[in-house]
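In: show me the folded form of this:
(2 chains, ligands or ions: 2)
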Amino acid sequence: MSEADRNASSAGPLAPYLARLGEARWVVATAAVAVFAVAFFSPAPWWLIAAAVLAIVAVAALLPRRSRQSRRREAQAQAMLGPVERLSAERLAAAVPDPLILFDQSGRIAHANRPAQTAFGAVQAGVDVRLRFRSPEMQELVRALLVGNVRPSGVDYAERVPVERHYHVNASSVGSGTGLFVLVFKDQSELRRVDRMRADFIANASHELRTPLASISGFVETLRGPARDDPKARDRFLDIMNDQTARMARLIDDLLSLSRLEMKSFIGPDERVDICLLVRGVIDSLTQLAREAGVEIVSDIPEGPIEVPGNRDELIQVFENLLENACKYGQSGKKVEIAVTRDADDQKGGAEITVRDFGPGIPDEHIPRITERFYRVDVEESRAQKGTGLGLAIVKHILSRHNARLTIRSVVGEGAAFTVHLPGV
Amino acid sequence: MHIVSAYDEDLKYLAGRVAAMGGMAERMIENSISALVHNDVPKAQKVIADDEALDEAQREIDDRALSVIARRQPLADDLREIIGSIRISSDLERVGDLGKNIAKRAVAVAMARQPVKFFRGLQSLSELAAAQLKDVLDVYASRDVESLRSVRDRDYEIDAVYTSLFRELLTYMMEDPRNITPCTHLLFCAKNIERMGDHATNIAETIYYVVTAEQLPAERPKQDRSHDVTVEAGD
Ligand SMILES: Nc1ncnc2c1ncn2[C@@H]1O[C@H](COP(=O)(O)OP(=O)(O)OP(=O)(O)O)[C@@H](O)[C@H]1O
Ligand SMILES: [Mg+2]
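Out: Numbering: from 1, shown residues only, chains lettered A, B, ... in the order given. Ligands and ions are numbered 1, 2, ... in the order given. Sure, this is the predicted structure:
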């Protein structure tokens, strides 16, 4: 038990003052000696010396403790490494491609390499690892390390936001007597995702394919039986069957594309993309579809370039899906507007892209849900449009990888507007 | 100067216990929903058992916090920190209760035979709530309270999804009376998840107050009826 504990636990009204006095005992003692020394060599009256000593003791007892902030800062400073250790440790950490976190005996992070910062966000020096990695297994791992009980095998750790990731974490102490420990995170997301993808694919695909399959086999039955000799009915049925197979093909495409997206490990976008050029390209590729739907696409795109970090193919898919939805579901409005602007709120030069239609709009209660997989406002309508309910789920997934935001506004009867905010950095 | 750190150790210990409780609560949300969706009775039973540990942890934090207050007579920001840990742990304990309630429903009803569509909305709702709690607890570690400002928007989003899910489940009940029992249970589960989100928001408010001594700014004025769909993958 430390000095302060003993002082403080001897309760009573004086306890806190005694504790403070205890904390400052060295300063008080030194000051007192200094006062006596000065007094010894100078002809000051005795009461002045007594008053000086009393004042020192009183101040030491009454002065409040240092603020929490100042202690936190000190702890942070303590957690930083000395220059030499830092150089070698940080260089080593930087050379490791996996997230790596060094922490000291008090559990405070001393250094987190770049992959760790990308993966876990706020893991700056001074943060307690146990506060950041809260899963019971990680708590136990760190505890075991700190009491000197290193387990050779690591533990599994998962993060679900912003993108699901799974790690196998290995821990050990660094050298001997450095008082440092290291956590290395091995990314296992891909393995897990494959598992999950399989389960998901089976659950979703089987469910979603059942309806069109049932309808096709129903028509085959009819064509074999009652409608065998009715050419008009045959043509109509074949058309419907054609639509249904197209829908199934599309469903499989969408599911695969979503699964592929989920398979990719989580690394931020690396290329810079000119949004103006990209959106113009998307409009070109969809003019045919728009014409068939009887919709006019009106674009408002500056000369550009407006460059943002992004993955070109993925962003093309985002705007294709949004524009296609606008043409399909906003068909009755006859017009679709697409506008690109610089994001006024973003100093780092982000872009804002709005796709607006003038169709029936989306009732309020459905808006928060439509980015869910297979969610459709009107199942019949979506079927008629060969929709699978995956388009916006794909959009959402891609945007989350871009740290982007999607805002949906709609007034029923007046149309819907989907705005993508892409950050500049 | 080991005297200072004895007191700091107290505070650090409290924060560590709160974080560990947070980890348990996060795990309970995850496991209770997964038990429900996959009709995993052993997992549900584990959640029910885990709640015990959470209750125990809360009691321990309360005792410890009170004894620190009695021994140290902390001043302003330390006192806020200690009271904060009491409040956060009580919110986390409530989250655990709600998770336990979901787990009990998972045991009570055989959900295995129910169509997948019943669960999709519930899953995405629980992902929102879990993400909210995770982000808030991450701020407890980093103290970067600025990012707490978006908490209210996200709480609003959770409410909106809940409302929509409520309607959806009602339609299933009206479609077929056999759906009434499972969907009633799912309605209660959805309500529980929505309240987990509320507790996460409470925790955000507490953390903001602990760090800044001010109240978390009130909801942004809702200029228009727009929906910021949080783009978080993982569903
Ligand atoms: N612009 C819009 N206006 C009205 N409703 C819309 C609009 N965009 C999307 N929706 C609604 O949201 C639902 C989900 O859209 P999403 O793009 O995810 O799926 P889909 O169009 O049905 O299928 P897919 O895009 O995979 O072919 C649609 O079924 C439709 O009900
Ligand atoms: Mg679509």
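
In: so is stretch A:171-189 next to chain B?
Out: No: Stretch A:171-189 is not in contact with chain B by Cβ under 8 Å from any Cβ of the partner chain; minimum separation 10.8 Å. From N, CA and C alone the C-beta is placed, and that goes for glycine too.

In: and that stretch, which residues are buried?
Out: A:171, A:173-174, A:180-185, A:187, A:189 (16 or more other Cβ atoms under 10 Å in any protein chain shown).

In: so how far is the lengthiest helix in chain A off the chain centroid?
Out: In chain A, taking DSSP state H as the definition, the longest helix is helix A:189-224. Mean-position distance between helix A:189-224 and its chain equals 31 Å (Cα atoms, centre = their mean, to the nearest Å).

In: can you redo the buried residues of stretch A:171-189 as CSV with distance to B:Leu98?
Out: As requested, the buried residues of stretch A:171-189 are exported to CSV (distance: Cβ to Cβ, whole Å):
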residue, distance to B:Leu98
A:Ala171, 33
A:Ser173, 39
A:Val174, 41
A:Leu180, 40
A:Phe181, 35
A:Val182, 37
A:Leu183, 31
A:Val184, 35
A:Phe185, 30
A:Asp187, 32
A:Ser189, 29
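
In: these in helices, which ones?
Out: A:Ser189.

In: out of the buried residues of stretch A:171-189, which one sits closest to ligand 1?
Out: Of all these, ligand 1 sits closest to A:Ser189, with 24.6 Å by Cβ to the nearest ligand atom.

In: that closest one against A:Glu159, yeah?
Out: No: at 9.3 Å, A:Ser189 and A:Glu159 do not qualify as touching, with contact defined as Cβ atoms under 8 Å.

In: wait, does the helix or strand harbouring B:Ser34 make contact with chain A?
Out: In this structure, B:Ser34 sits in helix B:2-37 according to DSSP states H and E. Yes: counting by Cβ under 8 Å from any Cβ, chain A is contacted by helix B:2-37 at B:2-4, B:6-8, B:12, B:15-16, B:19-20, B:22-24, B:26-27, B:30.

In: just the buried ones from those residues, in ChimeraX syntax?
Out: The ChimeraX selection below is limited to those of the residues of helix B:2-37 next to chain A classed as buried (16+ other Cβ under 10 Å):
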select /B:3,6,7,8,12,15,16,19,20,22,23,24,26,27,30
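
In: give me the pLDDT for A:Gln69.
Out: Note on A:Gln69: pLDDT of 61.

In: give the next helix or strand downstream of the longest helix of chain A.
Out: That would be, after helix A:189-224 and using DSSP H and E, helix A:231-263.

In: may I see the buried residues of that next one?
Out: Result for helix A:231-263 [16+ other Cβ under 10 Å]: buried residues A:237, A:241, A:243-244, A:247-248, A:251, A:254-255, A:257-259, A:261-262.

In: swap in stretch B:155-169?
Out: So for stretch B:155-169, counting by 16+ other Cβ under 10 Å, buried means B:155-158, B:160-166, B:168-169.

In: point out where the stretch 1-150 of chain A drops to low pLDDT.
Out: A:1-28, A:30-32, A:34-45, A:53, A:56-57, A:59-87, A:150 (pLDDT under 70).

In: chain B: strands as residue ranges?
Out: Taking DSSP state E, the strands of chain B run over residues B:226-229.

In: spell out for me which residue occupies the centre of it.
Out: B:Met196 (4.0 Å; Cα atoms, centre = their mean).

In: how many residues are close by B:Pro182?
Out: 20 (other Cβ atoms under 10 Å in any protein chain shown).

In: report pLDDT for it.
Out: 89.

In: repeat that for the one 10 residues further on.
Out: Confidence per residue is given as pLDDT, and for B:Asn192 that number is 96.

In: excluding chain neighbours, what is closest to it?
Out: B:Leu98 (4.2 Å; Cβ to Cβ, 6 or more residues apart in numbering or on different chains).

In: spit out the contact partners of that neighbour.
Out: B:192-193, B:195-196, B:199 (Cβ atoms under 8 Å, 6 or more residues apart in numbering or on different chains).

In: try A:Glu296
Out: Contacts of A:Glu296 (Cβ under 8 Å, 6+ apart): A:290, A:334-336.

In: 10 Å - rerun?
Out: Listed by Cβ atoms under 10 Å, 6 or more residues apart in numbering or on different chains, the contact partners of A:Glu296 are A:287, A:290, A:327, A:333-337.

In: which two in the residues you listed are spaced the farthest apart?
Out: Maximum pairwise distance among the contacts of A:Glu296 (Cβ to Cβ): 17.0 Å, between A:Thr287 and A:Gly333.

In: for whichever residue of chain A sits closest to ligand 2, give its distance to B:Glu157.
Out: In chain A, the residue that lies nearest ligand 2 is A:Gly391 (2.8 Å; Cβ to the ion). A:Gly391 sits 20 Å away from B:Glu157, going by Cβ to Cβ, to the nearest Å.

In: for A:Gly361, same thing?
Out: If you go by Cβ to Cβ, the gap between A:Gly361 and B:Glu157 works out to 19 Å.

In: before we move on, what about A:Pro368?
Out: 6 Å.

In: among the contacts of B:Leu98, which one has the most neighbours?
Out: B:Met196 (30 neighbours).

In: out of everything not next to it in sequence, what's closest to it?
Out: Per Cβ to Cβ, 6+ apart, closest to B:Met196 is B:Ala129, 4.6 Å.

In: quick one: that neighbour and B:Lys191 touch, right?
Out: No: with contact defined as Cβ atoms under 10 Å, B:Ala129 does not reach B:Lys191; the gap is 11.6 Å.

In: please enumerate the shared neighbours of these two.
Out: Contacts common to B:Ala129 and B:Lys191, judged by Cβ under 10 Å, 6+ apart, are B:98, B:162.

In: residues in contact with the closest residue to A:Thr341 other than its chain neighbours?
Out: Once flanking residues are discounted, A:Thr341 sits nearest to A:Glu352: 5.0 Å by Cβ to Cβ, 6+ apart. Contacts for A:Glu352 (Cβ under 10 Å, 6+ apart) come out as A:275, A:306, A:339-346, A:405, A:407, A:419-422.
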